[in-house]
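**Student:** 3D, please:
(one chain, ligands or ions: 1)
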Amino acid sequence: MKRLISVSELTKDEVEAILERAAYRLEHPVGQSLAQTVVANLFFEPSTRTRFSFEMAVKRLGGETLNFQPATSSLEKGESLEDTVRTLEAMGVDAMVIRHAENGIMRRLSEVVQVPLINAGEGTSEHPTQCLLDLLTIQRAFGRLNGIQVALIGDVLHSRVAGSHLNLLPQLGMEIMLAGPSAWMPEKLPAGVRLVSMERALQADVVMMLRVQKERMSEAELPDYSAYREAYGLTVERASRLKPHAIIMHPSPVNRGVEIDGEVVDHPQSRIFEQVRNGVAVRMAVLEFVIKRGLSTNVCHEAAGV
Ligand code: CP
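**Tutor:** Take a look at the predicted model:
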C-alpha cells in the first residue's frame, strides 16, 4: 500500500491489517514510527476531525506536519495544484494528506508525484479514512464485520463517506441498506445494496445517519428541515425503537435537529464520539502503512523503534 485514494485499491487483507494496527494504536497511542518524517496537510475544504486527527496521528508517532494554507500560498499567484504538490514533493515531504471538492482530483495528482497521497475527503466521491474508522468502530462493537447490517440514512448522493462505504462494505460481507429521499439515492446500486423504508432501516445493526450536505446543494435543492426531520431524522422517538444491540453512528459534523436530534447524539447506543477517537488511531495506522509500507502489529517492533 503506497497511497490511499480509494478504498477500492485496498485488498481485504490490507483492510484487516489496518484495522488490526489501529486497534493496537488505541492501546499504544504514542510511538516513534514516524520520527524524521514530515507530512503535509493540504485542506481545500473545511475540516475539524480529519485535519486535526491526521495532525494528532503524525505528532503522536514522532513526525512533523506542515499545514498548507491555500489563501496564502502561490496558488493565489496562479500556480496549479499539480505544480504545488510537485513543489512539496521536491522539498522532501514524506506524504501529503489532501481534502478537495473536486471529484477525480486525487487520481490526477497521483499521476504527477511519487510521494504517497492520502485522500482526506474528495468531492462527493470518497472519504477512505472515515470509512476505515467506521469499520473499526463497528468491529469493536460487534467483534466482527461479516454479516453486519448497516443502514445509511439520508443524503447518500452528496456523501463521500457513503461513496467509500458502498465501495468497500459489501466486499467485506456486510449488508448495506439505504433509506432517504429518492432524489438523494444513487442512480445505480452496487450489488448487494438495497433501498429500504425508514422503518426497515431502523431495524439494522448499525444505524448510520448522514449529514444533509447543505454546501453541495442549490437553494432550490435544500429541504424543508422540519419536514426532513419528520420523515428521515433519527428522533428521540425513533431511537427508542432501535434493536437493543444496535449502534448509532454519524460521520459528523452533525446538523442537530435535522438528520439527528441533539439528545440522540448522546444516546447510550451512540458511538459518534467513539468514531472520532477511533479516527486518530486509524489515521496513525494508515500513515504507518503508507509511509513505512506496512508494519508488524506486534509490540516488539514498536519497542525496537520501527
Ligand atoms: N467526518 C469528517 O470528515 O469531519 P470533518 O469534516 O470535520 O473532517
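**Student:** how about the residues of the stretch 101-250 of the chain near the ligand?
**Tutor:** Neighbours of the ligand within the stretch 101-250 of the chain, by CB under 6 Å from any ligand atom: Gly121, Gln130. Quick note: C-beta positions are derived from backbone N, CA and C, even for glycine.
**Student:** in the chain, which helix or strand is least confident?
**Tutor:** Counting by mean pLDDT, DSSP states H and E, the chain has its least confident helix or strand at helix 299-303, which shows a mean of 43.
**Student:** where does the stretch 201-306 of the chain dip in pLDDT?
**Tutor:** 293-306 (pLDDT under 70).
**Student:** give me the residue from it nearest the ligand.
**Tutor:** Residue of the stretch 201-306 of the chain nearest the ligand, by CB to the nearest ligand atom: Pro251 (4.1 Å).
**Student:** got the phi and psi for Val282?
**Tutor:** For Val282, the backbone dihedrals (degrees, to the nearest 10) come out as phi -60, psi -40.
**Student:** thought it was touching Ala22?
**Tutor:** Yes: using CB atoms under 8 Å, Val282 is in contact with Ala22, at 4.5 Å.
**Student:** quick one, which of these two is more surrounded?
**Tutor:** Val282 (29 against 26; other CB atoms under 10 Å).
**Student:** that one: what's it in contact with?
**Tutor:** Ile18, Leu19, Ala22, Thr129, Leu132, Leu133, Leu136 (CB atoms under 8 Å, 6 or more residues apart in numbering).
**Student:** which parts of the stretch 201-306 of the chain are strands?
**Tutor:** Counting by DSSP state E, counting those that start in this stretch, the stretch 201-306 of the chain has these strands, from start to end: 206-209, 247-249.
**Student:** which strand or helix spans the residue most central in space within the chain?
**Tutor:** Closest to where the C-alpha atoms of the chain average out (CA atoms, centre = their mean) is Gln130, at 1.2 Å. Applying DSSP states H and E as the criterion places Gln130 in helix 128-142.
**Student:** ok, how many other residues are close to the nearest residue to Gln114 once chain neighbours are set aside?
**Tutor:** Leaving aside its sequence neighbours, Gln114 sits nearest to Glu89 (CB to CB, 6 or more residues apart in numbering; 7.0 Å). Under the neighbour criterion other CB under 10 Å, Glu89 is assigned a count of 17.
**Student:** contacts only, for Glu89.
**Tutor:** Neighbour list for Glu89: Met96, Val113, Gln114, Val115 [criterion: CB under 8 Å, 6+ apart].
**Student:** any idea which element the third one lies in?
**Tutor:** Assigned by DSSP H and E, Gln114 falls within no helix or strand.
**Student:** pull up the gap between it and Gln275, please.
**Tutor:** To Gln275, Gln114 is 32 Å away according to CB to CB, to the nearest Å.
**Student:** what comes into contact with stretch 134-149?
**Tutor:** Contacts to stretch 134-149, defined as CB under 8 Å, 6+ apart, come from residues 15, 19, 22-23, 150, 161, 165, 168-169, 172-175, 177, 203-206, 208, 247, 249, 251, 271, 274-275, 278, 281-282.
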